[in-house]
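*Asks:* Quick one, fold the following:
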Amino acid sequence: MRRIRTNPEGTPHVRSSRIACVLAASAVATLVPALTPATASAAADPLNQYLRQKPAWQRCDRETPANFQCATIKVPLDYRHPGGKKLDLAISRLKTSTDAERRGVLLLNPGGPGGPGVDMPQWMASELPKSVKAKYDLVGFDPRGIGRSSGVGCGMTDEEQQWQREYKPEAFAKDVKWARTVAEKCAARQGDKLRHISTRNTARDMDVIRAVLGEKKISYLGYSYGTYLGAVYTQMFPKRSDRFVLDSAVDPARVWRGMIQIWAEGTEPAFTRWTEWTAKRHSTYKLGKTPEAVRKTFYDLVAQADRKPIDLDGELLTGGDIRAGSRASFFDVRYAAESIVELKKAAEGRAPSRERESGTPTPVPPSFGRAVPEDNGTAAFWTVVCADTRNWPRDPERYRSDAIRDKARYPLYGDIASNIKPCAFWKKGSEPATRIDNKVGALILQNEWDSQTPLASGQGLRRVMKGAKLVTVLGGVGHGIYGTKSCADKTATAYLTTGKLPTKDTACKTPPAARERGTDSPLPLPTPQGIPGLAG
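*Replies:* Now for the predicted structure:
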């Protein structure tokens with residue numbers, strides 16, 4: 001694999017390009033004897049046109065507060081050729097009302113990849129403590145390719161967006177065709193643009209935002225995928241990174257196929273914990289008096305659905321649907337028990353005992369006059385996870401063998417995680433993945449029972465960010481911590497307001513009641529669908 005050297009700002013540096021630029025500059029100098037200072041500056045650094053932009057701030061929407069402002073700036077599609085094609089970048093802000101205490105800006109990201117972030121300042125204003133809001137302007141943005149920032153779309157059907165596919169020998173050729181079709185549709189719709197929708201380029205966009213706002217450094221609060229984006233920024237721009245809170249962390253060593261596979265690894269202990277908890281409450285749920293009996297009840301339902309799909313409020317569920325849809329719920333033991341009780345009743349032909357919510361897709365954000373493709377969330381997800389790294393296998397048979405192996409290792413989700421994905425047929429991204437290895441100060445927050453970024457994932461980020469400190473919420477359930485009234489909130493607030501990190505990695509305990517059911521997070525984090533017909 002060819003290694004591309006980068007300059008301190010993270011933009012690729014190629015010797016031949018520099019020589020060409022010098023020769024071109026010499027030729028221009030002979031033709032144009034005198035340049036104005038502004039023109040000379042632009043010739044010396046073609047990125048200046050982006051760094052010196054003046055955003056035209058305006059009220060984001062009639063329905064939002066007047067002080068919640070939005071603007072659109074430009075960024076280069078390809079930072080190696082900043083004079084080429086440009087992308088729109090939607091940004092927003094809520095300014096602090098206490099200028100005397102103001103430290104700077106707190107850039108926000110909700111995760112994904114594929115999560116829009118323009119609305120984040122408004123969401124977080126009601127969740128963050130006053131002391132933090134006094135220190136920072138809250139700044140949001142839709143990352144490149146997402147939402148209002150030149151959102152990508154591939155024209156996928158609803159069926160093509162369903163990517164959690166169990167491995168079955170007779171269906172594998174169909175799955176390969178699906179993966180290839182998605183990759184080809186995206187390539188046909190977006191062309192060369194896809195190669196540049198990557199985390200590294202989004203980090204560069206963040207630095208353009210920093211410059212446009214007139215800040216020497218930025219502070220940052222990122223959730224889920226946003227932790228990886230924040231880590232990449234600290235690697236590329238260490239001297240411009242101020243106070244970084246990385247909440248519910250991605251392990252950089254597992255980007256990105258490994259982060260899907262870690263769901264299978266992390267779910268097995270959560271499932272075991274659930275069977276033990278549910279067995280102790282057999283009088284309530286009647287799913288089994290022992291953990292083994294509870295496990296058998298669940299897998300009997302899966303086997304029944306494989307023979308004949310179970311009708312749950314008009315949704316016909318196969319065994320694979322049940323395994324994929326229930327995976328994340330097992331981290332929330334009470335909710336999982338209630339859900340499986342309802343599924344069991346449906347399997348027995350009995351009426352449900354309570355009303356159930358139907359899963360709903362993540363709402364498309366307001367476009368402010370710009371059309372956002374209906375499949376933008378899914379398209380942006382694949383665009384980033386496929387373009388970010390070059391370690392996706394290209395041989396479909398590798399996916400087949402891995403799916404068979406991991407079904408045996410992790411029966412609940414292993415084959416679904418390792419089955420073929422569109423990245424097998426995706427064109428390579430513009431750069432290799434970023435290697436995270438730095439001593440930049442940061443605070444990592446991690447729940448013990450997080451379904452999307454399991455505990456091992458947060459520990460992986462801590463290993464490579466040697467200047468960071470990790471706070472583990474023992475017994476913590478759910479995805480997303482800061483702003484949910486967690487025992488870790490106090491530490492995060494102290495860090496953002498004073499800059500002081502804990503002297504060592506630490507842990508705090510969640511109250512026993514919260515360990516049984518995760519509280520509904522007020523944070524707008526992208527989350528997976530649950531079992532159709534049940535609350536997602």
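*Asks:* which residues of the stretch 151-300 of the chain fall in strands?
*Replies:* 218-223, 241-247 (DSSP state E, counting those that start in this stretch).
*Asks:* Kindly reformat those strands as a markdown table containing mean pLDDT.
*Replies:* Below are the strands of the stretch 151-300 of the chain laid out as a markdown table (pLDDT from 0 to 100):
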| stretch | mean pLDDT |
| --- | --- |
| strand 218-223 | 98 |
| strand 241-247 | 98 |
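*Asks:* Any chance of JSON lines for these, columns mean neighbour count and distance to residue 158?
*Replies:* All C-beta atoms are positioned from the backbone trio N, CA, C, and that covers glycine. Shown next, in JSON lines, are the strands of the stretch 151-300 of the chain (neighbours: other C-beta atoms under 10 Å; distance: least, C-beta to C-beta, whole Å):
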{"stretch": "strand 218-223", "mean neighbour count": "27", "distance to residue 158": "27"}
{"stretch": "strand 241-247", "mean neighbour count": "26", "distance to residue 158": "31"}
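*Asks:* Throw those into JSON lines and include distance to residue 138, thanks.
*Replies:* Shown next, in JSON lines, are the strands of the stretch 151-300 of the chain (distance: least, C-beta to C-beta, whole Å):
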{"stretch": "strand 218-223", "distance to residue 138": "9"}
{"stretch": "strand 241-247", "distance to residue 138": "13"}
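*Asks:* Ok, which of these comes nearest residue 307?
*Replies:* strand 218-223 (40.3 Å; C-beta to C-beta).
*Asks:* what's in contact with stretch 389-401?
*Replies:* 1, 167, 172, 176, 255-257, 386, 402, 418-421, 423-424, 426, 428-429, 432-433 (C-beta atoms under 8 Å, 6 or more residues apart in numbering).
*Asks:* low pLDDT regions in this structure?
*Replies:* Scanning the chain for pLDDT under 70 picks out 1-44, 352-370, 517-524, 526-536.
*Asks:* thought residue 219 was touching residue 108?
*Replies:* No. Taking contacts as C-beta atoms under 8 Å, residue 219 lies outside contact range of residue 108: 10.1 Å.
*Asks:* which ones among the contacts of stretch 389-401 are found in helices?
*Replies:* Judged by DSSP state H, helices contain the following of the contacts of stretch 389-401: 172, 176, 257, 386, 402, 418.
*Asks:* Which pair in these has the greatest spatial separation?
*Replies:* Longest span within those, C-beta to C-beta: 172 and 386, 20.1 Å.
*Asks:* Residue ranges of each domain in this protein, please.
*Replies:* Domain ranges of the chain: 1-45, 58-151+197-255+435-516, 258-347, per automatic domain parsing.
*Asks:* Can you say which of the ones you listed is packed in most?
*Replies:* Among these, ranked by average contacts under mean count of other C-beta atoms under 10 Å, first place goes to domain 58-151+197-255+435-516 (a mean of 21).
*Asks:* just how off-centre is that one within its chain?
*Replies:* Distance of domain 58-151+197-255+435-516 from the chain centroid (C-alpha atoms, centre = their mean, to the nearest Å) equals 11 Å.
*Asks:* Export the domains of the chain as a markdown table, with columns for distance to residue 187.
*Replies:* Formatted as a markdown table, these follow (distance: least, C-beta to C-beta, whole Å):
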| stretch | distance to residue 187 |
| --- | --- |
| domain 1-45 | 22 |
| domain 58-151+197-255+435-516 | 12 |
| domain 258-347 | 21 |
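*Asks:* Minimum distance to residue 379: which of those domains has it?
*Replies:* Here domain 58-151+197-255+435-516 is closest among the domains of the chain (C-beta to C-beta), at 7.9 Å.
*Asks:* Neighbour count for residue 172 and residue 386, which is higher?
*Replies:* When neighbours are counted by other C-beta atoms under 10 Å, residue 172 and residue 386 differ, and residue 386 comes out ahead with 28 against 18.
*Asks:* wait, what's in contact with that one?
*Replies:* Contact analysis of residue 386 by C-beta under 8 Å, 6+ apart lists 183, 194, 256, 392, 422-423, 426, 429.
*Asks:* With distance to residue 473 and neighbour count as extra columns, can I get the residues you listed in CSV?
*Replies:* Below are the contacts of residue 386 laid out as CSV (distance: C-beta to C-beta, whole Å; neighbours: other C-beta atoms under 10 Å):
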residue, distance to residue 473, neighbour count
183, 38, 21
194, 37, 25
256, 25, 25
392, 32, 19
422, 34, 26
423, 32, 22
426, 36, 24
429, 34, 22
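*Asks:* Backbone dihedrals for the nearest residue to residue 224 once chain neighbours are set aside, both of them.
*Replies:* The shortest distance from residue 224 to any residue other than its chain neighbours is 3.1 Å, reached at residue 111 (C-beta to C-beta, 6 or more residues apart in numbering). With angles defined as degrees, to the nearest 10, residue 111 sits at phi 110, psi -160.
*Asks:* Right, I'll call it a day here.
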